[in-house]
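Asks: what shape does this take:
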Amino acid sequence: MSSRPTVVASPSPELIRQLRAQVDTQTDRAPQRVFAVPPGLTGLLPDAGLRSGSAYTLDTAGALLLALLAEPSRAGAWCGVVGLPEVGVEAAGQAGVVLDRLALVPQPGDRWLAVVAALAEVLGVIAVRPGGAVRPADAARLSARLWDREATLLVVGEWPRAEASLRVEAPHWSGVGAGHGYLTGREVTLTVTSRRTPRPHSARLLLPGPDGRLEPVAPPAPVAVPLEATEPFKAAGRLKAVG
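Replies: Numbering: from 1, shown residues only. Here you go, the predicted model:
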């Protein structure tokens, strides 16, 4: 394999046929009701993954978007990125995205909605930054296409009746000392608000972790207390009981 994504200028019918043939050689396009997500996200999403036929909104592109593309592509699904020219191939590969199953349409122009609809015929997960306001009627028609083709949409921005919204907050980078060293990871709070469970769910995550992928933040290790340090408290308890 070439380990390179497929870059598409404009998905014409002929190109869609070629892409479908390429997809069919690498995956059986088996129905996927829920696409996998990294373990740190399963407890935040109502289906413990990305439900096909649904749209999810992200407040920003970047590490979170790549993390959401990584697991489906690793499981065999093809993914697409539309209208996000800043998404780098090297960063995608480091985040775990299988580049051989990634299609990029960096500059779809005003036809971005038609491009997404066309790609939904052959791809499992599609990320897009809308090129303008989305009418509810257009979103409903695309939703029907996504449901019919077992595909999921990740939207950087607003989208009518999104299944859930994901928001990254309170970032904190680690790895740099007093004027020296390298950034090794970023700790963030990820908050998910779902249409079915309006109460927000949050978790602290490494996004990215030292290896470039999403990881749960490990809970603090318990502090061992020497046995002799507890003796004064035991003595105080005995005196109180006697008194």
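Asks: how far does stretch 186-200 sit from the chain's center?
Replies: 12 Å (Cα atoms, centre = their mean, to the nearest Å).
Asks: likewise for stretch 81-92?
Replies: 13 Å.
Asks: also stretch 150-159?
Replies: 11 Å.
Asks: do the same with stretch 154-163
Replies: Taking Cα atoms, centre = their mean, one finds stretch 154-163 lying 13 Å from the centre of the chain it belongs to.
Asks: and what of stretch 200-213?
Replies: Mean-position distance between stretch 200-213 and its chain equals 10 Å (Cα atoms, centre = their mean).
Asks: residues of it that come out buried?
Replies: 201, 204, 205, 206, 207, 208, 209, 212, 213 (16 or more other Cβ atoms under 10 Å). (Glycine included, C-beta is placed from N, CA and C.)
Asks: excluding covalently adjacent residues, which one is nearest to the residue positioned nearest the centre of the chain?
Replies: Centroid-nearest residue in the chain: residue 68, 2.3 Å away (criterion: Cα atoms, centre = their mean). Once flanking residues are discounted, residue 68 sits nearest to residue 154: 5.8 Å by Cβ to Cβ, 6 or more residues apart in numbering.
Asks: name the element the one you found belongs to?
Replies: strand 152-156 (DSSP states H and E).
Asks: list the strands paired with that strand, with their directions.
Replies: strand 55-58 (parallel), strand 125-128 (parallel) (DSSP bridges).
Asks: can you say which of these is nearest to residue 188?
Replies: Residue 188 lies closest, by Cβ to Cβ, to one member of these: strand 55-58, at 12.6 Å.
Asks: tabulate the CA atom coordinates of that closest one in CSV.
Replies: Extracted C-alpha coordinates of strand 55-58, given in CSV (Å, rounded to 0.1, in the frame of the first residue of the first chain):
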residue,chain,number,x,y,z
ALA,A,55,-24.2,14.2,12.7
TYR,A,56,-21.9,15.3,15.5
THR,A,57,-20.6,18.9,15.9
LEU,A,58,-17.1,19.8,17.1
